[in-house]
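Peer 1: Just the structure for this:
(chains A and B)
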Amino acid sequence: MSSTKKRIAFKTLGCRLNQYETDALVSDFDKAGYEIVDFKDRADVVVVNTCTVTNQSDQKSRNTISQAARNNEGSVVVVTGCMANNYKEKLEGEEKITYVVENNRKGSILNLVDAHFGGEVMHPAKLHADVFQFHAVDKSLHTRSAIKIQDGCDNFCTFCIIPSVRGRATSRPIPDIIENVKDTLANGFKELVITGVNIGRYDWEGKRFEDVLEAILNVEGDFRVRISSLEPDGFSDDMVKLFAHPKMTPHLHLCLQSGSDKVLLRMRRMYDYARFEHVVNLFRAEYPDFNFTSDMIVGFPDESEEEFRESVEAVKQFGFGHVHTFKYSVRRGTRAERMPNHIPEKIKTERSAILREASEDCRDQFLNSFIGKTQTVLIEGIDDNGIANGYGEHYIPVHFQGEGLSKNTFHKVKLIKVEGRGEDAFVTGELID
Amino acid sequence: MTMEFKPDIQLDETFYKVQEVRKLTEEAFSIRLPRSRFKYHAGQHVSLGIHGDYQSREYSIYSGENDECLEVLVKEVKDGYFSPKLSKLKVGDLVEVSGPFGKFRIDEKKIADHKFVFIASGTGIAPFRSMVRTHPQLDYTLIHGVRYGSEAYDKQEYAADRHILCTSGDRSGQVHGRLTTYLADATFEKNTQFYLCGNSNMIFDAIEILKNKGFDRDQIHCEVYF
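Peer 2: Below is the predicted model:
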């Protein structure tokens, strides 16, 4: 590289796994001497880490790529992520994009960019392919650091494009995971989020997801552990015991997708409503205020009004702390694309609004149930007025004020009042210590 | 003068040459591919692609784990996109195989002391043929629901007392009617492991019947076909 620092900006769309992979890239580029700048600022290189899980994700990814190219004329534009896999040839044909890098080569983007500035023209297909080659996150765009334990999915849910763009399920060896955990903790992170595409399918030398979780919890240090997203069938009843560990946070993002067993079968999900209910009851019997958050799809092909109502009832019954509601979106090449009786967009929008309303009521009730209780909040940011924000162990967003606070520190906060509604809702609190 | 032929394209090892297309009925056939180094567990499925076509489809493996060939069972959907193309494959044509995929497998630890009931509609019989061929010692009953008796694919391979054919369109089966009707009246031992494969409506109805009979959901394993 020349003596003038090259400026690089990143933009991530989609899931936590993508966010982690961007964070790891940020660390790589920082260590290599690049200056990390905000996406809004002028940069010599812009990396857009895309998502393709829904039509909306595609649209957002396309808009972001255009914005990156428009704001940085003449700069290197690197497009990676799931959309890069799904529309590789099309994207490669676009002049505004310099390089299209598939998911399995994402971890080698630094080599590609270095080569570019060194005058070497390297085709991304020549880059080393390894979905686990990301280093521990050091300089990050986030306070929490993800730990990637798994990639890919073999479930082939009928609506899902992910097996096509992330590839087959593969698990990272436990010794590598533990090394990554130790490196990440050494870099100062206090909260680790265990992530992957389908982490419940972890399978390495007979070790399952619970074994990984236990091994991570046994690492020494002042940190806590969160699980990013889990399928209801990916673990045994014994997992509830692991949540008694003081480092474990009482929160699971458990994907339900539909409250109707018939729809779940058509989605080719590996569980039914009763299994989901069993898990929720199992955890809440042990930890009554346990936070379950979830994903729901409305308007899946042939979803009847009654089946949709079952989803609404499920949201109410399980009292989710938060629900990501998705309108079913056709993904090319999936089995659901060829199913009969696709639901008109208007009905999907109506159903989505009803489910969101029910979800927001649940979130409101959940947050209010914590008023008067104490949360251990990890500070993520402090605004100009000295108000700190962060998440409690139950994944409750908390705002509070105090003297001499600093980012990335734990504080006990008594929760006082819920402000706002829906995704933007948070709880104000008083600092205890 | 002789010319040495050098192919321009290095074929990926997941491409296989069709060894045989075995006609089973007017609409159903099996495709046999050389097994090569391909390893799988009975009950798993593969994704098949045709050389030169961008689409692919999933099919349960029809052959046993130790068979010499890798075989899949296909029913041609007349107005479909993919199965009519598969039906036109000839010996020597290239097929791309990805996989194997799936957790629809027998728990081998249970083979010695459990009974197995396989419930299939139509080509949903495929994973069960694979299981039966792989584990000859299995204590199983296969309940196969089809429209006509001619769709009892490779019926002769199963012991007569283990194979219950339910035909809804003719009277050639032991049971005339849907397999769910048979299931509702049947009795099973308490420790039975149930494996269901076929269309989602059949599976949904069968699960309800089995649950009503008092069987735990953990005893019921499903693979949905579309």
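
Peer 1: Run through who's touching the worst-scoring helix or strand of chain A on mean pLDDT.
Peer 2: Ranked by mean pLDDT, DSSP states H and E, the weakest helix or strand in chain A is helix A:162-166, scoring a mean of 85. Contact with helix A:162-166 is made by A:52-53, A:82-83, A:85-86, A:103, A:151-156, A:197, A:333, as judged by CB atoms under 8 Å, 6 or more residues apart in numbering or on different chains. Placement of C-beta: from N, CA and C, glycine included.

Peer 1: Out of those residues, flag the one nearest to chain B.
Peer 2: Nearest to chain B, judged by CB to the nearest CB, of the contacts of helix A:162-166 is A:D154 at 4.5 Å.

Peer 1: Flag the shaky bits of the chain, pLDDT-wise.
Peer 2: Picked chain A for this. Counting by pLDDT under 70, chain A contains low-confidence ranges at A:1-3, A:139-142.

Peer 1: hm, I was asking about chain B
Peer 2: B:1-13.

Peer 1: in it, which spans are strands?
Peer 2: Under the criterion DSSP state E, chain B contains strands at B:15-17, B:20-23, B:28-34, B:45-50, B:56-60, B:69-75, B:94-101, B:116-121, B:140-146, B:163-167, B:175-176, B:193-199, B:220-225.

Peer 1: if you compare those strands, which one is most tucked away?
Peer 2: Ranked by average neighbour count under the criterion mean count of other CB atoms under 10 Å in any protein chain shown, the strands of chain B are headed by strand B:116-121 at a mean of 26.

Peer 1: and the direction of that strand versus that of strand B:56-60, what angle?
Peer 2: 140 degrees (axes from the mean of the first three to the mean of the last three CA atoms, to 10 degrees).

Peer 1: A:K11: how many residues sit nearby?
Peer 2: Neighbour count of A:K11, defined by other CB atoms under 10 Å in any protein chain shown: 20.

Peer 1: which residues sit against whichever strand or helix holds it?
Peer 2: A:K11 is part of strand A:7-12 when elements are defined by DSSP states H and E. Contacts of strand A:7-12 from elsewhere in the structure, counted by CB under 8 Å, 6+ apart, are A:18-19, A:22, A:25-26, A:29, A:34-39, A:41-49, A:64, A:68, A:72, A:81, A:113, A:141.

Peer 1: Could you tell me which of the residues you listed count as buried?
Peer 2: Neighbour-count burial (16 or more other CB atoms under 10 Å in any protein chain shown) applied to those gives A:18-19, A:22, A:25-26, A:29, A:34, A:36-37, A:39, A:43-49, A:64, A:68, A:72, A:81, A:113.

Peer 1: so what are the domain limits for the chain?
Peer 2: All of this refers to chain A. Domain ranges of chain A: A:7-126, A:145-364, A:374-431, per automatic domain parsing.

Peer 1: wait, chain B
Peer 2: The record assigns chain B these domain ranges, following automatic domain parsing: B:15-101, B:108-225.

Peer 1: Any idea which of those gets closest to A:Y273?
Peer 2: Closest approach to A:Y273 among these (CB to CB): domain B:108-225, 10.2 Å.

Peer 1: Centre of the chain to that closest one, how far?
Peer 2: 12 Å (CA atoms, centre = their mean, to the nearest Å).

Peer 1: Now do the contacts for the closest residue to A:V131 other than its chain neighbours.
Peer 2: Nearest non-adjacent residue to A:V131, counting by CB to CB, 6 or more residues apart in numbering or on different chains: A:D151, 4.1 Å away. Listed by CB under 8 Å, 6+ apart, the contact set of A:D151 reads A:L17, A:N103, A:V131, A:F132, A:R166, A:G167, A:A169, A:T170, A:R172, A:G196, A:V197.
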